[in-house]
Structure formats: C-alpha cells, structure tokens
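Q: Compute the structure for the input listed below.
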Amino acid sequence: MTRIYHGLSRLDRFTKACIDGHALNDRMAKAVLPQFFGRLAPANPLQWSSDNADLVVIFETLVGGMKNTNTVAGPADAGMTFFGQFVDHDVTFDATSAIGTAADPRGIRNIRTPNLDLDCVYGDGPEASPHLYETVDGHEGFLLFGREESPLDLARNCKYTALIGDPRNDENIFISQLQGIFICSHNILLNEVISGTALGQTVKSKAMEGTEADVWSSQTLPPMNDFEVVRRFLRLHYQFITMTDFLPQMVVPEIVDACMGTGPFGAEAALMPVEFSGAAYRFGHATAQEAYSLTVGGPKQGFFDKPGFEARGPQHDVAMTAFFGPDAQKARPVGTTVTGALFDLPFVNHGFTMPDGTAVTLPQARQLPLRNILRDRFALQIVNGQRLAGLLGFDPLPVPQELADHHIVKTPLWFYALQEADAAGGKLDKVGGTVVASVLSRLLECDPASYVHIDGFQPLPDFATMANMAQFVENHRDDLPQREALWCGPEPDS
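A: Predicted coordinates:
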C-alpha cells in the first residue's frame with residue numbers, strides 16, 4: 001500500500017501548521033484548522049434600509065446587462081476556463097453553507113485540502129479511497145478509467161456515477177475530460193516507472209527532487225513506492241502549470257509577479273479566504289463561451305447540450321488540441337460579459353429564501369451571476385471592491401451606474417474584479433488579480449512539498465504546459481498495456 005497514514009499526506013502538516021500558528025484563517029484567531037475558510041479583510045455586513053426583494057431586483061438588473069451570447073475571443077485558451085474550475089475543485093469545497101443563510105467563514109469546513117495536491121484526482125490514496133484504484137499484475141495504484149462502450153469516459157459505478165476524487169469534476173463534459181487527462185497521465189507514467197523505461201527513470205528522478213529536506217521522511221515510511229513517485233511528479237508539474245501557464249493567461253503578469261512569495265496580505269492571512277472562493281476566483285464564469293467545437297474545426301456544441309453527471313459516449317469525446325495550444329479555441333476575456341448559458345442553469349430546480357424571508361424565484365436562482373452577488377451580500381458578507389482596493393493601495397473604481405442610481409455606494413467584489421479586467425485587456429488586474437494570485441502562491445509557500453521549495457526546479461517539457469501534457473496523453477493513452485483492465489462501468493446491454 002502507500003505507507004501513508006490512510007493517504008492523508010498533508011493532514012499531519014495541516015495540524016502542525018495550526019499548532020505553530022502558521023496557517024491561520026483569521027488574523028485574530030489562533031490554531032484554527034486551515035481546512036476552514038477565513039477572511040482577508042473584515043466582514044462587510046449588508047446595509048439596506050428598504051425591502052430586500054427590491055435589492056435582489058437591483059442586483060438582477062446589474063447582472064442582466066452582463067448577458068452576451070456572442071463568441072468573443074480573449075487572451076486565454078478555451079481549456080483554461082475548465083482548468084481554472086479544476087483548480088477550484090482541488091482547493092475548495094463548501095458542502096454546508098447556502099446562499100440564503102448568513103455564515104461565518106471560520107465555521108465553514110473546506111472539504112478539499114487547501115493545497116494544490118490533486119486530491120480531486122487521487123482522493124485520499126489507495127488505502128482510504130480504494131474505489132478509485134485497481135491493482136494490475138501485482139502493481140498497485142492505477143486509477144480506474146474508461147468503460148468498454150466508451151474508453152475515454154470516466155470510470156462509473158452501476159448508476160453511472162463517476163468514480164473520481166471530486167464528484168463536481170463530472171458536471172460538464174469539458175471538465176470531466178480534463179479530469180481524464182490527469183488520470184491518464186498518472187496511469188501512463190506509473191506504467192513507465194514500473195517498466196523501468198528511460199522516461200520512468202526521469203519521472204523518478206524528478207519526483208525525488210527536494211525530498212532530502214524532510215518532504216518524505218515525516219510523511220512516509222521509506223522506501224517510496226511507484227504510486228507515490230508518480231503522484232509527487234504530477235503534483236509538482238500541476239503546480240508549475242497553475243502558476244506559469246494558467247495564471248499568466250488569466251491575470252496581468254505584473255500582478256502575478258508581485259504576489260509570488262508571502263504576498264501583500266502577509267504571512268498570517270487566511271489560507272483559504274472567502275474573498276477568493278466566494279468572489280474573485282469566480283472570474284472564470286465570465287470566460288465561458290456559449291458553445292465549443294469538440295475537435296479542431298468541428299461543429300459547435302452548446303455548453304449544456306450534453307448534461308453532466310451521466311455517462312458519456314464516444315461522440316462527446318473532446319480533442320484537447322481544440323482547447324489548449326496553438327490550434328485551441330479561445331476563452332471569453334475576463335470582464336463584465338457572461339455567456340447566456342449561465343443565466344439559465346439547467347441543474348437548478350428550485351428558488352430559495354433569504355434569512356429575512358425574501359423569496360428568490362426559480363428564474364432568478366438559475367442566473368449564476370446573480371447567485372454570485374447574492375452569496376456575497378447575504379451569506380458571506382465579503383469586503384467590497386472599493387474597500388479592498390484601498391487596503392491594497394490602489395485607486396478605487398467608480399460604482400456601476402446601475403447601483404449608483406439606487407444610492408448603493410460600493411461594488412460587490414466579484415463584479416468589481418470583472419470591471420478591472422475590462423480595462424486590462426481581458427485579464428484580472430489589481431484587486432481581483434492580487435486576491436487570486438496571492439492565495440494560490442501562498443498555498444504553495446505553505447506546502448513544504450511544493451515545487452517552489454525546490455531550488456531551480458525545471459519541469460519535464462511534456463508536462464510544462466497544459467497543451468504539452470494533453471498532447472502527451474493523447475499520444476500515449478491508447479497504448480497503455482493496462483488500459484482494458486482499468487475499465488469500470490455497468491455491463492453494456494446485450
């Protein structure tokens with residue numbers, strides 16, 4: 001097995017960080033588990049003297065002006081929209097709070113480990129998440145992938161529920177296949193390591209970089225097995241891609257550079273703040289297009305034409321070259337326009353009620369931009385954009401006219417970050433970019449096993465960018481000797 005305590009390779013470090021006071025969720029709190037959310041700035045309570053139903057309508061008017069069904073090419077590859085979603089699912093999962101309920105972030109448990117550690121792929125490892133794994137010819141640690149009738153779909157149980165580390169990575173056909181890229185990368189590389197090929201030896205050498213300084217000795221009983229080697233290799237490269245490929249496509253590079261290391265919020269800032277998870281990082285919603293070609297030059301398919309959370313046939317397989325690299329489609333620029341598909345979420349079936357009894361109708365509840373603002377103002381009470389700009393030393397932007405007309409003098413942080421991006425060529429800037437880049441950078445700084453603690457780390461070229469990694473997988477996954485042994489799903493109808 002993995003020789004890791006039930007696969008929870010970071011839990012001991014989380015606990016020690018809390019004891020030592022290095023991973024606080026609130027500047028005034030002590031020894032709070034970093035698996036809980038926190039704040040970067042004081043809460044911003046809702047102040048509205050009229051009926052809350054009127055405020056909901058005002059916010060609905062604001063976001064209504066964002067709706068745009070045109071295809072607009074921004075600076076980022078189309079696949080980066082879904083890579084950003086994948087990263088979000090790797091570091092955050094709030095399974096308890098609701099939009100219409102006020103919540104103290106310090107009491108909201110983060111179900112995901114706040115590390116860029118691919119727990120959305122690996123779960124808790126073969127010991128604690130055995131339903132994700134298979135032993136083939138005596139070799140442990142292969143991830144289940146594919147089904148007989150659809151070899152590139154995710155492995156599924158008898159109800160066609162995906163067997164993956166985070167169920168949200170099956171919510172649309174694009175992120176599900178990005179999940180597949182990481183699963184296939186693991187399986188291909190594990191076979192190379194087991195077989196002792198030149199590539200396998202390189203993977204092992206890369207995985208061992210930086211391990212002399214207490215990376216393995218405090219977590220694992222030596223010797224490392226092949227599964228652990230491949231997992232560490234992929235973690236390092238995934239972290240590198242996040243910081244050097246994804247962020248520069250979505251955030252103004254000067255902001256990224258300024259946030260490396262401790263960052264502007266300091267060493268005692270919340271490890272997973274609601275300003276990130278509930279506002280600024282939701283910028284990705286603005287980058288989704290109305291429709292995509294599944295293959296280079298192929299016909300377009302609407303964002304929700306094929307529902308998620310169900311089996312996928314080969315006709316919905318995606319060529320990743322259409323989403324990453326020189327032939328890729330482009331994401332919509334980060335800014336104050338949002339595709340029309342996100343104003344009618346098909347999986348939302350009910351309205352909801354605010355704490356004071358204000359009803360939010362089903363048509364309103366299906367508008368993702370409106371949900372973002374209502375979550376901020378009514379549930380999480382996140383600091384507004386102008387206030388955070390002042391704390392960071394930036395000149396604040398004016399309030400949108402749709403709000404100013406109703407004497408609202410501050411802008412919800414999510415919308416504020418998108419306003420900044422409009423003026424920055426379709427990338428997050430100042431406030432929004434600082435929150436996003438500094439939080440991701442700090443996750444790596446606080447993780448002694450991350451690539452930033454390896455002097456002179458140089459990635460393997462095939463795994464230095466998402467485009468290269470996707471191409472590597474598409475070149476090699478069909479030749480994996482264990483391929484059919486990893487298929488898992490209901491028997492096809494006879």
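Q: could you pull out the strands for the stretch 1-150 of the chain?
A: 133-136, 139-143 (DSSP state E, counting those that start in this stretch).
Q: Now render those as CSV, adding distance to His237 and mean neighbour count.
A: Yep, even glycine has a C-beta here, placed from its N, CA and C like the rest. Listed next are the strands of the stretch 1-150 of the chain as CSV, based on distance: least, CB to CB, whole Å; neighbours: other CB atoms under 10 Å:
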stretch, distance to His237, mean neighbour count
strand 133-136, 21, 17
strand 139-143, 16, 22
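Q: Dump those into JSON lines; add mean pLDDT as well.
A: Formatted as JSON lines, those follow (pLDDT from 0 to 100):
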{"stretch": "strand 133-136", "mean pLDDT": "98"}
{"stretch": "strand 139-143", "mean pLDDT": "97"}
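Q: Mind putting those strands into TSV with distance to Gln458?
A: Formatted as TSV, those follow (distance: least, CB to CB, whole Å):
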stretch	distance to Gln458
strand 133-136	30
strand 139-143	26
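Q: Nearest to Phe309, out of those strands?
A: Within these, the stretch nearest Phe309 is strand 139-143; the backing value is 19.5 Å (CB to CB).
Q: Now the next helix or strand after the closest one: average pLDDT?
A: Tracing the chain C-terminally past strand 139-143 and defining elements by DSSP states H and E, one meets helix 173-195 next. Averaging pLDDT along helix 173-195 gives 98.
Q: Centre of the chain to helix 173-195, how far?
A: 18 Å (CA atoms, centre = their mean, to the nearest Å).
Q: Report the buried residues of it.
A: Neighbour-count burial for helix 173-195, with 16 or more other CB atoms under 10 Å as criterion, is recorded at 173-194.
Q: How about stretch 159-168?
A: Going by 16+ other CB under 10 Å, stretch 159-168 has these buried residues: Tyr160, Ala162, Leu163, Ile164, Gly165, Asp166, Arg168.
Q: how about it as PDB, C-alpha atoms only?
A: Taking Å, rounded to 0.1, in the frame of the first residue of the first chain, the C-alpha atoms of stretch 159-168 are listed here in PDB:
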ATOM      1  CA  LYS A 159     -25.700   4.100 -11.600                       C
ATOM      2  CA  TYR A 160     -23.200   5.800 -13.900                       C
ATOM      3  CA  THR A 161     -21.800   8.000 -11.200                       C
ATOM      4  CA  ALA A 162     -18.200   8.900 -11.900                       C
ATOM      5  CA  LEU A 163     -15.600   7.200  -9.700                       C
ATOM      6  CA  ILE A 164     -13.400  10.200  -9.200                       C
ATOM      7  CA  GLY A 165     -11.900  12.100  -6.200                       C
ATOM      8  CA  ASP A 166     -14.300  15.100  -6.500                       C
ATOM      9  CA  PRO A 167     -17.800  14.500  -8.000                       C
ATOM     10  CA  ARG A 168     -18.000  18.100  -9.300                       C
END
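Q: buried residues in stretch 198-210?
A: Leu199, Gly200, Thr202, Val203, Lys204, Lys206, Ala207, Glu209, Gly210.
Q: Ok, stretch 392-406 next?
A: In stretch 392-406, counting by 16+ other CB under 10 Å, buried: Leu392, Phe394, Pro396, Leu397, Val399, Pro400, Glu402, Leu403.
Q: And the furthest pair within those residues?
A: Using CB to CB, these span at most 24.9 Å, a distance reached by Leu392 and Glu402.
Q: I'd like the distance between Asp124 and Asp166.
A: To Asp166, Asp124 is 12 Å away according to CB to CB, to the nearest Å.
Q: burial of His316, as a residue count?
A: Neighbours of His316 under the rule other CB atoms under 10 Å: 18.
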